[in-house]
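J.: Model the following, please.
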Amino acid sequence: MSVVRFGNTTSSRSAHDLVEEISRKVPRTEQVRILQDTFPAGRIHGKTFYIGSLLGDPGQSLKIDIDPQSQHFMRGQDFNGGVGIGGIVKILMEARGMKMQDIKHMFSDYLDNAEPQIVRDNAPIENPIKPQYNVNTPYDAEYVYTNADGEVLVSVRRYNVKDIAGNPMLNTKGKPKKEFRPFIEGAAYSKFPDIRPLYNIPNIIASDRVVWVEGEKCADALNHAGYTATCTIGGAGALTKKTAPQFDFSPLQGKELILWPDNDTGGRRLADLIQDLALAAGAKSVTMLTPPMGKPEGWDAADALAEGFNIENFVNTKAKITKTNINLLDDSFLVSRFEGHAPEQKFLIEGTFPLGVPILFAAAGDAGKGMMTLDMGMKIASGKPMTTAFGGLVKEFGNVVIFTAEDDEAEMHRRVERLDPFEERRNYANDLKIVSLPNVGGVFAILNEVGGEFGTTEEFEKIYEQIIQMNNLKLIIFDPLASFVHADVNADPAAGAALTGLLARIATETGASVLVCHHMTKIKDDAVVKTPEQARNLIRGTTALVDGVRSSFAMWQVDSGRGKKTCERLGLPYQRNSCFDGAVVKSNGPASRDIRHFVRDSMTGLLNDRTEEIKALSTGSALEMKLDAMADWIIHCEREGVALTHMSGNNGVHKRSEDADAPEVLQGIGKQTLEKYVRDLQQAGRIDKFQLTASGGKVWLGAVNGPMSRGEYEPVTARDNV
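T.: Numbers count the residues shown, from 1 in each chain. Below is the predicted model:
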């Protein structure tokens, strides 16, 4: 819809004047915020903003002055291309490709527009008829606004624009070009009423649920389809923050309002404003619908009805964002509303991660957080039952989205290949989508701070509109947290609270768990973390982070002594950074608080939960089983004339453990561990070492009272064992 300025339709300001007005009147904190949104890869040092180029590349070649007191504010120089930067308008035109009219609309709340804003089409109009519209001018359609009693408050008339020959003019989208003008009783020429009403007030008052759309045509289409629909007079150009006091939203008090914006930037911006105004007017709740993916620019309710779109499913979809007014004067918050059995807490990972909540996963750098979350995501998407992650059974299966800020496509490909060498991912029951941000233009912020205020970025909101439409979404991962937040969550509790509030909103609206990877504070080399409480206190940042999420899981490296002992018991070679402990360090609901023991798989690099195996080894049962197998094997080989040695070579216990007839429980165990088993058996008096030749040493293994001890051993193979 286009609303033209009444009377003179020619702007009296030059482009230069408009640029100067924007630079002067738009708050400088707002200009800095827009600068950060435009260049998410940029960095602030002191009072200077650094970015690689106007294309948004990271770097420091382009320096922009952001000192609010400076006469050179928002100006700078791109030293790569020699381009001068002349204010926020030029930045938006160069970096975002915006046109002057778009920029004017963006900053309309700060400019002097006493009358409705001009909304022009880009297509030129050759010799259009420009009549002086008055109450007697013939019109092509009329929409009547009435009060609750049916009294006419204002009529909006539509005029189809025609050329000099009387033929309809078309806009840039190939649709008839129209002009809309409001008329009130007693006025010969077009004029808004002092208080601008909503459309369809009588039916609004009689209904519990109302759908807002952008324009009377769409509202009428929905009304005829059996819904109660309304719109604001004048379309997107008339309602701004500055003109909002002139609009009356009081009929929406106590109503459930559903916002169906046109599928374009202006529609979304207008719907955001109406959401706030409706809640302020006492609406019970306001739900924001997101046009389905794939719909064309400008797609609206009238288009949907014309194409046979399923309106009922769309209006009741889960792909929506709902805000609710708190009213303590009605019964909506009485404890009596909790009736029957409470819903069961669902888990994404049994005993570890609840479903549909924000989760913080913290560990030191180089621990392998990305590998663990990728493994979890792959298992959730696979649909394969009886799989485990983070020490718990995977309980929910569905779609997964991973945003990684540091690992590019090649690295993620290598990791996926290590975890899934047989390409089972081709047959996953669900979708796993991995967004390697280095390959798609760099990192975007989900939260930033400008002038002490926290908010989501425009880029994230566009991505979130897609996320909210994904069905059966179970997990969203942001890795690492620091790359996605342009606010000091490490020191500012308000920033931490804003972030966790945003994560909670995403989890609630999508039904998915939202996991963010975060770092733990470095500790001294000789310091050792022993308890989950110590680990929780080492999670980097303000306590508002851990306090604000529903679940936190921390992992810490064990000391080298215990790590070596663990690997020895498991029959694995010890390597630094291979043994970790982990535990749930915060949970708002039921969860296992046991410490889990993780050991890195040398082939994949993944930290696997080996808790039960390590516990069994510590009790001795598994170790005793392996020692018994070793003793029986040594005695059997001696009796068969194929004795083993405690040395390297073809007859060494490690080399012979590779043979098919070796005890299965000893296969795959490291050389040092097997040789230790031999020493332990000898010290226990269960076996001994013997010398078979005068020149040879005591290297042959046999029973204490076996053939070797009696001098009766006879080799029966061609091995070098004599």
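J.: what about the closest residue to K63 other than its chain neighbours, which helix or strand?
T.: Distance criterion C-beta to C-beta, 6 or more residues apart in numbering; nearest residue to K63, sequence neighbours excluded, is G76 at 4.9 Å. Every residue, glycine included, has its C-beta placed from N, CA and C. Counting by DSSP states H and E, the element that carries G76 is strand 75-78.
J.: what is the mean pLDDT for that strand?
T.: Regarding strand 75-78, the rounded mean pLDDT is 74.
J.: Equivalent analysis for stretch 266-279, please.
T.: pLDDT averaged over stretch 266-279 gives 89.
J.: Show me the helices in the stretch 451-600 of the chain, by range?
T.: 458-467, 481-484, 493-510, 532-537, 543-548, 560-570 (DSSP state H, counting those that start in this stretch).
J.: other SSEs contacting the second one?
T.: Okay, so that is helix 481-484. Applying 3 or more C-beta pairs under 8 Å, 6 or more residues apart in numbering; DSSP states H and E, we find helix 481-484 packed against strand 513-519.
J.: Give me the angle between the strand it packs on and helix 493-510.
T.: Angle of strand 513-519 versus helix 493-510, following axes from the mean of the first three to the mean of the last three C-alpha atoms, to 10 degrees, is 150 degrees.
J.: CA atoms of the strand or helix carrying A631 as PDB?
T.: Secondary structure from DSSP H and E places A631 in helix 621-639. Extracted C-alpha coordinates of helix 621-639, given in PDB (Å, rounded to 0.1, in the frame of the first residue of the first chain):
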ATOM      1  CA  SER A 621      37.100 -57.300  38.600                       C
ATOM      2  CA  ALA A 622      38.100 -56.400  35.000                       C
ATOM      3  CA  LEU A 623      41.800 -56.300  35.800                       C
ATOM      4  CA  GLU A 624      41.700 -59.700  37.500                       C
ATOM      5  CA  MET A 625      39.900 -61.100  34.400                       C
ATOM      6  CA  LYS A 626      42.800 -59.900  32.200                       C
ATOM      7  CA  LEU A 627      45.500 -61.200  34.600                       C
ATOM      8  CA  ASP A 628      43.800 -64.600  34.700                       C
ATOM      9  CA  ALA A 629      43.600 -64.600  30.900                       C
ATOM     10  CA  MET A 630      47.300 -63.700  30.700                       C
ATOM     11  CA  ALA A 631      48.400 -66.400  33.100                       C
ATOM     12  CA  ASP A 632      46.300 -69.100  31.400                       C
ATOM     13  CA  TRP A 633      47.700 -68.100  28.000                       C
ATOM     14  CA  ILE A 634      51.300 -68.200  29.200                       C
ATOM     15  CA  ILE A 635      50.800 -71.700  30.700                       C
ATOM     16  CA  HIS A 636      49.000 -72.900  27.600                       C
ATOM     17  CA  CYS A 637      51.700 -71.700  25.200                       C
ATOM     18  CA  GLU A 638      54.400 -73.400  27.400                       C
ATOM     19  CA  ARG A 639      52.500 -76.700  27.300                       C
END
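J.: What are the buried residues along that helix?
T.: A622, K626, L627, A629, M630, A631, W633, I634, I635, C637, E638 (16 or more other C-beta atoms under 10 Å).
J.: K433: which of those is nearest?
T.: Nearest to K433 out of these is A622 (C-beta to C-beta; 40.9 Å).
J.: Burial check on D659, number of neighbours?
T.: 9 (other C-beta atoms under 10 Å).
J.: err, N588, not the other one
T.: 11.
J.: what pairs with the closest residue to I349 other than its chain neighbours across the strands?
T.: Nearest non-adjacent residue to I349, counting by C-beta to C-beta, 6+ apart: G392, 4.2 Å away. For G392, the beta-bridge assignment (DSSP bridges) gives partners A389.
J.: give the contact list for G392.
T.: G392 is in contact with F347, I349, E350, G351, T352, F353, S592, counting by C-beta atoms under 8 Å, 6 or more residues apart in numbering.
J.: Stretch 151-167: end-to-end distance?
T.: One end of stretch 151-167 sits 36 Å from the other (C-alpha to C-alpha, to the nearest Å).
J.: Touching it from outside, list them.
T.: Contacts of stretch 151-167 (C-beta under 8 Å, 6+ apart): 125-129, 133, 137, 139-147, 168-169, 176-185, 192-193, 196-197, 216, 233.
J.: What's the ChimeraX line that selects buried ones from those?
T.: Selecting only the buried entries of the contacts of stretch 151-167 in ChimeraX, with 16+ other C-beta under 10 Å as the criterion:
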select :133,139,143,145,146,169,177,178,179,180,181,182,183,184,192,193,196,197,216,233
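J.: before we move on, the earlier item: tell me which of the helices of the stretch 451-600 of the chain sits nearest to M603.
T.: helix 560-570 (14.7 Å).
J.: Show me the shaky parts of the stretch 551-700 of the chain.
T.: 618-622 (pLDDT under 70).
J.: Let me fix that, I meant to ask about the stretch 1-150 of the chain.
T.: For the stretch 1-150 of the chain, the ranges with pLDDT under 70 are 1-13, 55-57, 77-84, 97, 112-132.
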